[in-house]
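Asker: Dropping a prediction and its sequence here:
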Amino acid sequence: MTMVEVRNLSKTYEGKVAYQALSNINLGIEQGEFVGIMGPSGSGKTTLMNMIATIDAPSSGQVLIHGNNPFQLSMEKLALFRRRELGFVFQSFNLLNTLTVKENIVLPLTLDGVEVEKLHRKANALAERLGITALLNKRIYEISGGQAQRAAIARAIIHQPKLLLADEPTGNLDSKSSRAVMDTMYQLNKEEGTTMLLVTHDAMAASYCDRVVFIKDGQLHHEIIRRGSQTMFMRSIMDVLSVMGGNPNDVLTTSYS
Ligand code: ADP
Ligand code: MG
């Protein structure tokens with residue numbers, strides 16, 4: 001079943017000088033799939049993510065989620081749809097620094113008026129799964145970046161979203177923490193079947209995906225599907241990145257050593 005269907009999607013940012021960030025993108029994401037989006041800085045990855053996340057509207061074309069066009073919903077229903085069906089993870093964690101890990105994780109459910117007992121049960125179960133139980137009562141400023149990102153993932157999935165969208169979740173992390181975060185995402189995808197979309201610069205992170213699509217200058221450039229081992233897939237990803245060219249500094253890779 002197709003979870004997300006992007007049809008002839010284009011986005012032009014209006015301004016003093018209009019800028020076409022995406023041209024005619026077509027992309028399908030199956031339910032349960034883990035898809036990576038790569039491409040040089042400024043190629044339109046975040047723009048595409050924001051359209052799929054229903055945060056920003058396309059200039060033309062469509063985004064269908066389970067066959068429905070979320071942009072046809074009223075503002076109120078769209079907000080509810082986003083809160084109930086989607087989960088977000090960002091490079092900058094977006095956690096509340098002075099709250100504890102547990103308080104951060106349950107925040108989205110607090111907004112929905114879920115009873116306290118249930119909040120605790122869910123947070124504990126999730127922390128167990130993500131290996132952050134020992135951190136639950138620590139405040140965000142007391143934990144590492146990798147731990148904070150795993151807390152952010154817990155918060156992003158506590159309402160069991162159908163689609164998890166992560167924009168450069170390992171962008172601020174060292175290679176060891178990046179791997180811990182990617183292991184967590186991989187496990188969620190495989191065990192819970194959560195459909196996931198990952199924007200990343202990092203070939204190591206992308207190698208956890210089932211499929212990676214490459215964007216260049218706002219257009220789909222290439223797509224590769226994982227067939228062999230993760231290491232082989234990472235090599236294929238790096239090959240495509242090197243063929244695509246661009247600024248080599250845009251292509252940060254984490255070595256496996
Ligand atoms: P990426 O995530 O691949 O680095 P973005 O999607 O953020 O790229 O940006 C794609 C292009 O669109 C860039 O040239 C960027 O400067 C431009 N852009 C992004 N957001 C806006 C905006 N709100 N207004 C105008 N231009 C934008
Ligand atoms: Mg971006």
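Answerer: That came through fine. Ligands and ions are numbered 1, 2, ... in the order given.
Asker: In contact with the residue most central in space within the chain, which residues?
Answerer: The centroid of the chain falls nearest to residue 166 when counting by C-alpha atoms, centre = their mean (1.4 Å). Residue 166 makes contact with 88-90, 156, 185, 196-199, according to C-beta atoms under 8 Å, 6 or more residues apart in numbering. Where C-beta positions appear, they are placed from N, C-alpha and C, glycine not excepted.
Asker: Which of those fall within helices?
Answerer: 156, 185 (DSSP state H).
Asker: hmm, back to that, I'd like the distance between the residue nearest to the centre of the chain and ligand 2.
Answerer: Distance from residue 166 to ligand 2, counting by C-beta to the ion, to the nearest Å: 12 Å.
Asker: Backbone dihedrals for that residue, both of them.
Answerer: Note on residue 166: its backbone torsions stand at phi -130, psi 120 [degrees, to the nearest 10].
Asker: Dig out what it forms beta bridges with.
Answerer: residue 89, residue 198 (DSSP bridges).
Asker: Report pLDDT for it.
Answerer: pLDDT, residue 166: 96.
Asker: With residue 245 instead?
Answerer: 75.
Asker: who are the neighbours in contact with residue 73?
Answerer: residue 81.
Asker: Which one of the contacts of residue 166 is nearest to residue 6?
Answerer: residue 197 (10.6 Å; C-beta to C-beta).
Asker: Next one: that closest one from residue 127, what distance?
Answerer: Going from residue 197 to residue 127 by C-beta to C-beta, to the nearest Å gives 24 Å.
Asker: who's in contact with the closest residue to ligand 1 within the stretch 51-200 of the chain?
Answerer: The minimum distance from the stretch 51-200 of the chain to ligand 1, using C-beta to the nearest ligand atom, falls at residue 199 (6.6 Å). Listed by C-beta under 8 Å, 6+ apart, the contact partners of residue 199 are 36-38, 45-46, 48-49, 166-168.
Asker: So it versus residue 205, what's the distance?
Answerer: 10 Å.
Asker: what about stretch 78-94, near ligand 2?
Answerer: No. Using C-beta under 5 Å from the ion, stretch 78-94 stays clear of ligand 2, with a minimum separation of 8.3 Å.
Asker: Can I get that stretch in CSV, CA atoms only?
Answerer: C-alpha atoms of stretch 78-94 as CSV (Å, rounded to 0.1, in the frame of the first residue of the first chain):
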residue,chain,number,x,y,z
LEU,A,78,-4.7,19.7,9.2
ALA,A,79,-3.2,20.6,12.6
LEU,A,80,-4.8,17.5,14.1
PHE,A,81,-3.7,15.3,11.3
ARG,A,82,-0.1,16.5,11.7
ARG,A,83,-0.2,15.9,15.5
ARG,A,84,-1.9,12.5,15.3
GLU,A,85,-0.4,10.9,12.2
LEU,A,86,3.0,12.4,11.8
GLY,A,87,6.2,12.4,13.9
PHE,A,88,9.1,14.8,13.5
VAL,A,89,12.8,14.6,14.4
PHE,A,90,15.1,17.6,13.7
GLN,A,91,18.8,18.2,13.6
SER,A,92,18.5,20.5,16.6
PHE,A,93,16.5,18.1,18.8
ASN,A,94,13.9,20.8,19.7
